[in-house]
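# Got a predicted structure plus its sequence, pasted below:
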Amino acid sequence: MDPREARSTGYSIFSSTLEIKPNTIGRPRFDPYHKVLSRFYEPLVLLRLLGQSRGNHQPKPHDVNAGQAVRRDFLRNLSYICDFEKGGDTCTAIGLADLGACYRLYVASNKGQAKIAEFLKAVLGLLHDLNEVPGSEQPQKEAEFVKFCVDFAEKRVRKEKNCLFRAVDACSRKLSHSATIEAESLRKWLRSLLSHDDNLTLCTFAYETRHSPILSWLRSIRQENLLSPDIECDPFGLVRHYIGRLAHHIRASKELVKAVTDMSQILESCEVSAVDHIAPVPPPAPDRHTNLDGILNRMLGKGHDERLDIEHGLSKINAANRLFDRFPGEYRNLKPRIHAEVQILEHFHRYQIQFTENDRFVACSKAACLCCEMYFKHHPARMIVPESHRNVWTNWGPPLVENFSKSHGAGRQQLHILNKVIHEIRNLVISQALGQSSVGQRRPDSKTEITDLHSLGYTPAPINFSEKSSMVMSKDTPIEKQNQQLKNQARGPSISPGLLTHNNEESDSEGGGVSIQAWMH
């Protein structure tokens, strides 16, 4: 039975909670594709409900030489400026092909966007022309290019700005409960951010502010654990995060300009091509076999030594977070789509396209999700495994294989990949069930993109706020003066002995800052 047809009957029989054992025996799953997809999505949904973020952020892949590093960063920055809306729809991936006579950028987005390819063509033209610009005109042309990129991302910047402003309001409310000069000074500085309503001005201010000791200080507030450690519940962490996101619009554009000389050969003969849309698999329909007993049978096999311990662990977790009650709704509402980086991978693999210098690297505007990371890892194309935020998204889907069969080449390949991905997902579920661990903290998909200040060769000094603090800026203060004030602070403000933070095991590499106990009471 086709999964799309099975879905219509699945809704009526699927209960409001995940059954432990079936009340009745359902008809066997005869459709081979439905069986495979059920074995994939059942543990994936369990894993998502057990906690969306799975371990530490997987870093960028190692670069074998300086030329490769420049090229990869160039592609990353191109993909970033193409991602013009907050959320996943315009997440953009790019692969660079060497066609012999020319280079070609293949581009894809999560939800096909024709305007991205047109924008990318315009960007390449502007970058090519920058190589011909006299040195005296470079600053002006760079400023125009940066504005062009920020304007294209207007919808995304506006949403990031709104998120920042909401976080500032939340911080202000927390700080208003303190009568100290330091708290009031920080509150005024945060409120001054609200005066930057113009997108370009705000992004520029964020870019100039990104290495201010104030941001390290905001981070230290979170590290002292007086607030929730979850960044999405911590307004001080969110302020720092969104300043970093807004700053990256400027940073990515500037880095593209900086790379034009090194990338001149590619820019001389580079085309842009949007990849053809690839249909995702249909979501598997829930049926009488979609119950805990059946799922564990498929995960472990009958007679598994740890079966009872795993079931007991899941039941204990369920008692704390209603895991089984949330499973049916999550499973019924699966809407698979193929992520942009997988579209690029499959396009290169299907048409046997040659990557430039055989560097099988796909750049993406966002770090890969857990499923994309695993898919790249186990794909026979031997791809470079991408940077990953390791968050679980249940609406991830592999490409649809028409007339799926284990004896069919495409079906056999997909089954091989999915079996390895399923094995990893199952192991994560089993480990968490045996550990009876609670749901982990949720991390944003995007990184803050603020460089560790220690890597720049200095440690920011803690900030001493006073009633006449230069960090407090009115809305009429020119941005140049604001930026200069921040740079002056970064060189080392005076330190009040009573406000120093003691070194301890909790401090981060971006440590330093004022102890919150000094003023949060």
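Cool, got the structure.

# Pull out the buried residues from stretch 76-89.
76-86, 88 (16 or more other CB atoms under 10 Å). (C-beta placed from N, C-alpha, C; glycine too.)

# wait, stretch 48-67
48-54, 58.

# re the thing from before, mind giving me TSV with the buried residues of stretch 76-89 and columns for pLDDT?
Shown next, in TSV, are those (pLDDT from 0 to 100):
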residue	pLDDT
R76	98
N77	99
L78	99
S79	98
Y80	98
I81	98
C82	98
D83	98
F84	97
E85	96
K86	93
G88	90
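
# Can you give me the separation between the residue nearest to C91 when sequence neighbours are not counted and C149?
Nearest residue to C91, sequence neighbours excluded (CB to CB, 6 or more residues apart in numbering): N110, at 4.7 Å. Per CB to CB, to the nearest Å, N110 is found 20 Å from C149.

# show me the contacts for D151.
Contacts here follow CB atoms under 8 Å, 6 or more residues apart in numbering; on that basis D151 touches 199-200.

# Can you classify it by secondary structure?
Secondary structure state of D151, per DSSP: H, G, I helix; E, B strand; the rest coil, is helix.

# Could you check how far it is from F119?
As judged by CB to CB, D151 and F119 stand 10 Å apart.

# In a helix, I250, correct?
Yes - counting by three-state DSSP, I250 falls inside a helix.

# Can you report how many residues lie near it?
By the measure other CB atoms under 10 Å, the count of residues near I250 is 20.

# Do I have it right that it meets C203?
Yes - with contact defined as CB atoms under 8 Å, I250 and C203 form a contacting pair (5.2 Å).

# ok, now which ones touch N77?
252-253, 255-256, 259.

# I'd like to know how far the residue nearest to C91 sits from R337.
Distance from N110 to R337, by CB to CB: 6 Å.

# For Y106, give me phi and psi.
As for Y106, its main-chain torsions (degrees, to the nearest 10) stand at phi -90, psi 130.

# which ones are touching the closest residue to it other than its chain neighbours?
Spatial nearest neighbour of Y106, excluding adjacent residues (CB to CB, 6+ apart): G95 at 4.8 Å. By CB under 8 Å, 6+ apart, G95 lies in contact with 105-106, 344-345, 347-348, 353, 355, 361-363.

# Return the closest of those residues with respect to I417.
The shortest approach to I417 among the contacts of G95 belongs to L345, at 10.8 Å (CB to CB).

# Check what pLDDT that closest one gets.
As predicted, L345 sits at a pLDDT of 98.

# quick one: the helices in the stretch 101-250 of the chain?
Per DSSP state H, counting those that start in this stretch, the stretch 101-250 of the chain carries helices over the ranges 114-130, 138-152, 154-175, 181-192, 199-209, 213-223, 235-258.

# before we move on, the earlier item: which pLDDT does the model give the residue nearest to Y106?
Listed pLDDT for G95 reads 99.

# Quick check: phi and psi on it?
phi -120, psi 140.

# which sections of the protein are below the confidence cut-off?
Residues of the chain that meet the criterion pLDDT under 70 lie in 1-15, 22-26, 222-233, 438-521.

# re the thing from before, mind listing the shared neighbours of I250 and C203?
In contact with both I250 and C203: V150, using CB under 8 Å, 6+ apart.

# Could you pick out the longest helix of this structure?
Longest helix of the chain, by residue count under DSSP state H: helix 409-435.

# wait, which of the helices of the stretch 101-250 of the chain is closest to R412?
helix 114-130 (33.0 Å).

# rewinding a little: including distance to E144 and secondary structure, could the buried residues of stretch 76-89 go into CSV?
Output for the buried residues of stretch 76-89, formatted as CSV (distance: CB to CB, whole Å; DSSP: H, G, I helix; E, B strand; the rest coil):
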residue, distance to E144, secondary structure
R76, 22, helix
N77, 17, helix
L78, 18, helix
S79, 21, helix
Y80, 19, helix
I81, 14, helix
C82, 18, helix
D83, 21, coil
F84, 18, coil
E85, 23, coil
K86, 25, coil
G88, 30, coil
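
# which one of those is nearest Y375?
G88 (16.2 Å).

# Domain-wise, how is this protein divided?
3-56+281-337+369-378+391-435, 155-251+452-518 (automatic domain parsing).

# next one: phi and psi at E271?
Per degrees, to the nearest 10, the backbone of E271 is at phi -100, psi 170.

# Surely it is in contact with C102?
Yes - look at E271 against C102 with CB under 8 Å: they come within range, at 5.8 Å.

# Pick out the most distant pair among the buried residues of stretch 48-67.
L49 and Q58 (21.9 Å).

# what's the burial count for I266?
20.

# what about dumping the CA coordinates of stretch 84-96 to PDB?
The C-alpha trace of stretch 84-96 is given here as PDB (Å, rounded to 0.1, in the frame of the first residue of the first chain):
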ATOM      1  CA  PHE A  84      17.300  36.300   2.800                       C
ATOM      2  CA  GLU A  85      14.600  35.300   5.200                       C
ATOM      3  CA  LYS A  86      14.900  34.100   8.800                       C
ATOM      4  CA  GLY A  87      13.800  30.500   9.200                       C
ATOM      5  CA  GLY A  88      14.500  27.500   6.900                       C
ATOM      6  CA  ASP A  89      12.800  28.300   3.600                       C
ATOM      7  CA  THR A  90      15.600  30.300   2.100                       C
ATOM      8  CA  CYS A  91      18.500  28.300   3.600                       C
ATOM      9  CA  THR A  92      20.900  28.200   0.700                       C
ATOM     10  CA  ALA A  93      23.600  25.700  -0.400                       C
ATOM     11  CA  ILE A  94      26.200  26.100  -3.100                       C
ATOM     12  CA  GLY A  95      28.600  23.600  -4.800                       C
ATOM     13  CA  LEU A  96      31.400  24.800  -7.100                       C
END
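
# Is it correct that T290 is in contact with E330?
No - using CB under 8 Å as the test, T290 is too far from E330 to be in contact (11.6 Å).

# which of these two has more neighbours?
A side-by-side neighbour count of T290 and E330, using other CB under 10 Å, places T290 first with 26 against 16.

# I'd guess the more buried one is in a helix, am I close?
No - T290 is assigned coil when assessed by three-state DSSP, not a helix.

# and it, backbone torsions?
phi -90, psi 80.
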